[in-house]
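Student: What follows is a protein structure lacking sequence information:
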């Protein structure tokens, strides 16, 4: 089940909830009992493996993960 991160606007604490994707936009109560919360944007980090070639500095054609340098 996916985990979603929320921040309480009242006390400023951040917390996570596990819930189905269909309920990701549902309101979430702060563990301290506040109900003024906002869902935070989560990011996923994707890195290159050791076997992937490093992008060449100054070379054209993109490079990096977005240019296909480590995705293959």
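Tutor: Nice, I can see it. For clarity, every value in this text was computed on a predicted model and none was experimentally measured.
Student: Apart from its chain neighbours, what residue comes closest to residue 42?
Tutor: Once flanking residues are discounted, residue 42 sits nearest to residue 5: 5.7 Å by Cβ to Cβ, 6 or more residues apart in numbering. Yep, even glycine has a C-beta here, placed from its N, CA and C like the rest.
Student: Quick check, that neighbour in contact with residue 14.
Tutor: Yes - with contact defined as Cβ atoms under 8 Å, residue 5 counts as touching residue 14 (6.1 Å).
Student: okay, and the common contacts of those two?
Tutor: residue 40 (Cβ atoms under 8 Å, 6 or more residues apart in numbering).
Student: picking that back up, give the contact list for the residue nearest to residue 42.
Tutor: By Cβ under 8 Å, 6+ apart, the contact list for residue 5 reads 14-16, 39-40, 42.
Student: Are any of those residues buried, and if so which?
Tutor: Buried residues within those, counting neighbours by 16 or more other Cβ atoms under 10 Å: residue 15.
Student: which two from the contacts of residue 5 end up farthest apart in space?
Tutor: The most widely separated members of these are 15 and 42, with 13.0 Å between them, by Cβ to Cβ.
Student: one step back: what's the first helix or strand after the host helix or strand of the residue nearest to residue 42?
Tutor: For residue 5, the host element (DSSP states H and E) is strand 3-8. Scanning forward in sequence from strand 3-8 by DSSP H and E, the next helix or strand is strand 14-18.
Student: which phi and psi does residue 22 have?
Tutor: Per-residue torsions, residue 22: phi -60, psi -20 (degrees, to the nearest 10).
Student: Kindly tell me how buried residue 4 is, as a neighbour count.
Tutor: As a burial measure, residue 4 scores 19 neighbours (other Cβ atoms under 10 Å).
Student: picking up where we left off before, in its sheet, which strands sit next to the strand holding residue 5, and in what direction?
Tutor: With DSSP bridges as the test, strand 3-8 is paired with strand 14-18 (antiparallel), strand 37-39 (antiparallel).
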